[in-house]
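# Predicted coordinates and the sequence they were generated for:
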Amino acid sequence: IDEAIKNGAKVIVYSNDIEKNEKAIYVKVKNVYAVLISVSKLFFNDPTNKIDSYVVSGCYGRSSVSTLIYRYLDTKFHAGYIGRFGIKYENNNLSISTPTIDTIDYFRYLSKMEDYNVKAVTFEASSTSLAYHKLDFIKPTIFVYTNSFEESPDYRQAGNDYFKNMRSYLYSLEDKTKVVLNRDDRAFDELNDTINNYVTYGFDEESDYMIKDLTISKKGLVYTLRHEDKEYEIITRLLSKSNCYNLTACIASLVESGYEIEDVIDYFKTCNYVDGVFEVIDDDYHIVIDSAYTVDALKEVFDYTKTIKGKNRVISLLSISSWSDDEAIKEICIEAEKISDIIILTIDELESGDSLSLLQKANSYIKDTKSIIIEDREFAIEEGINLLNLEDILLITGKGSEAYLVTPNGKIQYQTDRVIAKKYIDKRREDDEISEIY
């Protein structure tokens, strides 16, 4: 506060008792954060009144759903995105360290988006950010809830208050906000009595957007979507059952906000992968990158791999984190062994401790499959690519599109799994061509 006054602040808004400086005016309030929102609205001329908003929350899938909605909207007019993959609008693509940012930064970027004539923005929101009212200034056109997993960091941070926080946020929404809920998730039973204006999606017959006859292959997904007594064929390059849910949530959100279902479905026939989410970066060697690191998320990656493996080998690069408990690491290794011909163990996030000891502990749970310990993540990816034969499958899990590694000394810059994998697959091709010549 003294520093703020020294820099020219004339008014201090506070809630807890503090020592006062006679050079400023002091205003005591119950909720400083609510006042910050009000002041920010005035300072930035409230861009939220001029921009439609889509807020996406849930334990997994929120990055994918918010990105897919943003991509479609950006084909119709100038659209924006704020979330795990940064801040995107027009030709701007800014990196951020967390999916949710400070209130003043929200208003600052929304004001800049308004200058670019942005008409709609998608927001990726953790339950923690909703609980701390970081997005209370947004009155969304659409609110999407994807799913709940007790193992996810988002759920763990909130603890027993997870659904309490989510219900509190839903109560705060205006009646005109349409809520899109996953009918197959337990969150539906926890949250549906909190709201009146909602639609559902899922494999359940009671869903408003019902998924049927799903086929998963190396090339993508094909399924039937039933809505209002009509059936539509969905064809997309996106992979996995989770992306079937994510895409359907996206379609429901766009249709409920007024877009023609046929046009939405047609767009997603050629839509690219979401960065770091079941992302295929090479068809010849079939390298799949996914951010999965929890047991549930990895099981889905392994289930997808079972459907496409055939007689081909699977090389799994598993990320081990210091925050994972021993039972979770053990289960991850056991599940990986069921579908892998080779397992490479490397570090994902190491906040403290000895990386080699952690990897050796994980390796002790692998009984019948060839395994390799490589502490350096880039070297681990290089080794995985060197081991590949044509038609083999390499799974690179843990980081997805994240451009940092967590070390005992803090976060360090990282090129992302995609960039590193592409570098070594290009090198592999050059080496193969030289070998053929000789």
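Structure received. Numbering: from 1, shown residues only.
# wait, Asp303 sits on Ser242?
No. Under the criterion of Cβ atoms under 8 Å, Asp303 lies out of contact with Ser242, with a separation of 9.8 Å. Any C-beta I mention is one placed from the backbone N, CA and C, and that applies to glycine too.
# need the next SSE after the lowest-mean-pLDDT helix or strand in the chain, C-terminal direction.
Each helix and strand of the chain was given a mean pLDDT (mean pLDDT, DSSP states H and E); the minimum falls on helix 153-158 at a mean of 68. Remark: after helix 153-158, the chain's next helix or strand is helix 162-172, criterion DSSP states H and E.
# packing partners for that next one?
Contacts of helix 162-172 with other secondary structure elements, assessed using 3 or more Cβ pairs under 8 Å, 6 or more residues apart in numbering; DSSP states H and E, are made with helix 127-131, helix 153-158, helix 186-191.
# so can I have CSV of the ones you listed showing mean neighbour count?
Rendered in CSV, the data for these read as follows (neighbours: other Cβ atoms under 10 Å):
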stretch, mean neighbour count
helix 127-131, 20
helix 153-158, 16
helix 186-191, 17
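# Glu174: which of the ones you listed is closest?
Relative to Glu174, the nearest member of the helices and strands packed on helix 162-172 by Cβ to Cβ is helix 127-131, separated by 15.2 Å.
# Now do the very next helix or strand once past that closest one: everything it contacts.
Next along the chain after helix 127-131, taking DSSP H and E as the criterion, comes strand 142-145. Surrounding strand 142-145, the residues in contact under the criterion Cβ atoms under 8 Å, 6 or more residues apart in numbering are 54-58, 62, 65-66, 166, 170, 173, 177-182, 187, 191, 249, 253, 256-257.
# Output strand 142-145 as PDB - backbone C-alpha positions only.
As requested, the backbone C-alpha atoms of strand 142-145 are provided in PDB (Å, rounded to 0.1, in the frame of the first residue of the first chain):
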ATOM      1  CA  ILE A 142     -23.200 -20.300 -22.900                       C
ATOM      2  CA  PHE A 143     -21.700 -22.100 -19.900                       C
ATOM      3  CA  VAL A 144     -20.300 -25.600 -20.500                       C
ATOM      4  CA  TYR A 145     -19.500 -28.200 -17.800                       C
END
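# Show me the shaky parts of the stretch 251-400 of the chain.
Per-residue confidence for the stretch 251-400 of the chain (pLDDT under 70) gives these ranges: 283, 350-353.
# Tell me what Asp52 is bridged to.
Beta-bridge partners for Asp52, by DSSP bridges, are Ala120.
# List the contacts of it.
Taking Cβ under 8 Å, 6+ apart, one finds 119-121, 141, 257 in contact with Asp52.
# re the thing from before, for the helices and strands packed on helix 162-172, please prepare TSV with the additional fields distance to Glu331.
Compiled in TSV, those are given as follows (distance: least, Cβ to Cβ, whole Å):
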stretch	distance to Glu331
helix 127-131	24
helix 153-158	16
helix 186-191	21
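# Which stretch among those helices approaches Thr369 most closely?
Between Thr369 and those, the tightest spacing by Cβ to Cβ is seen for helix 153-158, at 28.2 Å.
# quick one: which helix or strand includes Leu247?
Taking DSSP H and E as the criterion, the element that holds Leu247 is helix 241-256.
# tell me which residues of the very next helix or strand once past that helix are tucked away?
Remark: after helix 241-256, the chain's next helix or strand is helix 261-267, criterion DSSP H and E. Buried positions in helix 261-267, judged by neighbour count with 16 or more other Cβ atoms under 10 Å: 261, 264-265, 267.
# Can I get those in a markdown table including distance to Arg84?
Formatted as a markdown table, those follow (distance: Cβ to Cβ, whole Å):
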| residue | distance to Arg84 |
| --- | --- |
| Ile261 | 28 |
| Val264 | 23 |
| Ile265 | 26 |
| Tyr267 | 22 |
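# What are the boundaries of the helices in the stretch 301-438 of the chain?
Under the criterion DSSP state H, counting those that start in this stretch, the stretch 301-438 of the chain carries helices at the ranges 326-339, 355-363, 377-386, 417-437.
# For the first one, C-alpha coordinates in CSV please.
What it means is helix 326-339. What follows is helix 326-339 as a C-alpha-only set of coordinates in CSV (Å, rounded to 0.1, in the frame of the first residue of the first chain):
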residue,chain,number,x,y,z
ASP,A,326,2.9,-44.2,-5.2
GLU,A,327,-0.4,-46.0,-5.9
ALA,A,328,-1.1,-43.8,-8.9
ILE,A,329,2.3,-44.4,-10.4
LYS,A,330,1.9,-48.1,-9.9
GLU,A,331,-1.5,-48.2,-11.6
ILE,A,332,-0.2,-46.1,-14.5
CYS,A,333,2.7,-48.5,-15.1
ILE,A,334,0.4,-51.6,-14.8
GLU,A,335,-2.1,-50.1,-17.3
ALA,A,336,0.8,-49.1,-19.7
GLU,A,337,2.1,-52.7,-19.6
LYS,A,338,-1.1,-54.1,-20.9
ILE,A,339,-0.7,-52.4,-24.3
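# how about the nearest residue to Ala297, chain neighbours excluded?
When the adjacent residues along the chain are set aside, Ala297 lies closest to Tyr60, with 6.3 Å between them (Cβ to Cβ, 6 or more residues apart in numbering).
# so that neighbour makes contact with Glu124?
No. Assessed by Cβ under 8 Å, Tyr60 is found out of contact with Glu124, at 11.8 Å.
# So for these two, which residues contact both of them?
In contact with both Tyr60 and Glu124: no residue, using Cβ under 8 Å, 6+ apart.
# quick one, phi psi at Phe387?
Just so we're on the same page, residue 387 is Leu rather than Phe. Leu387 has phi and psi values of phi -80, psi -10 when expressed as degrees, to the nearest 10.
# same check, this time on Lys88
Listed backbone geometry of Lys88 is phi -130, psi 130, with angles given as degrees, to the nearest 10.
# any idea how far it is from Tyr424?
In this view, Lys88 and Tyr424 are 28 Å apart by Cβ to Cβ, to the nearest Å.
# Okay, buried residues for stretch 402-420 please.
For stretch 402-420, burial by neighbour count (16+ other Cβ under 10 Å) applies to 402-403, 405-406, 414, 416-418, 420.
# Put the alpha carbons of stretch 105-116 into PDB.
What follows is stretch 105-116, C-alpha atoms only, in PDB (Å, rounded to 0.1, in the frame of the first residue of the first chain):
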ATOM      1  CA  ASP A 105      -5.700  -8.300 -17.200                       C
ATOM      2  CA  TYR A 106      -9.000  -9.800 -18.300                       C
ATOM      3  CA  PHE A 107     -10.400  -6.400 -18.900                       C
ATOM      4  CA  ARG A 108      -7.200  -5.100 -20.500                       C
ATOM      5  CA  TYR A 109      -7.300  -7.900 -23.100                       C
ATOM      6  CA  LEU A 110     -11.000  -7.700 -23.600                       C
ATOM      7  CA  SER A 111     -10.600  -4.000 -24.300                       C
ATOM      8  CA  LYS A 112      -7.900  -4.700 -26.800                       C
ATOM      9  CA  MET A 113     -10.200  -7.400 -28.400                       C
ATOM     10  CA  GLU A 114     -13.000  -4.800 -28.700                       C
ATOM     11  CA  ASP A 115     -10.500  -2.600 -30.600                       C
ATOM     12  CA  TYR A 116     -10.100  -5.400 -33.100                       C
END
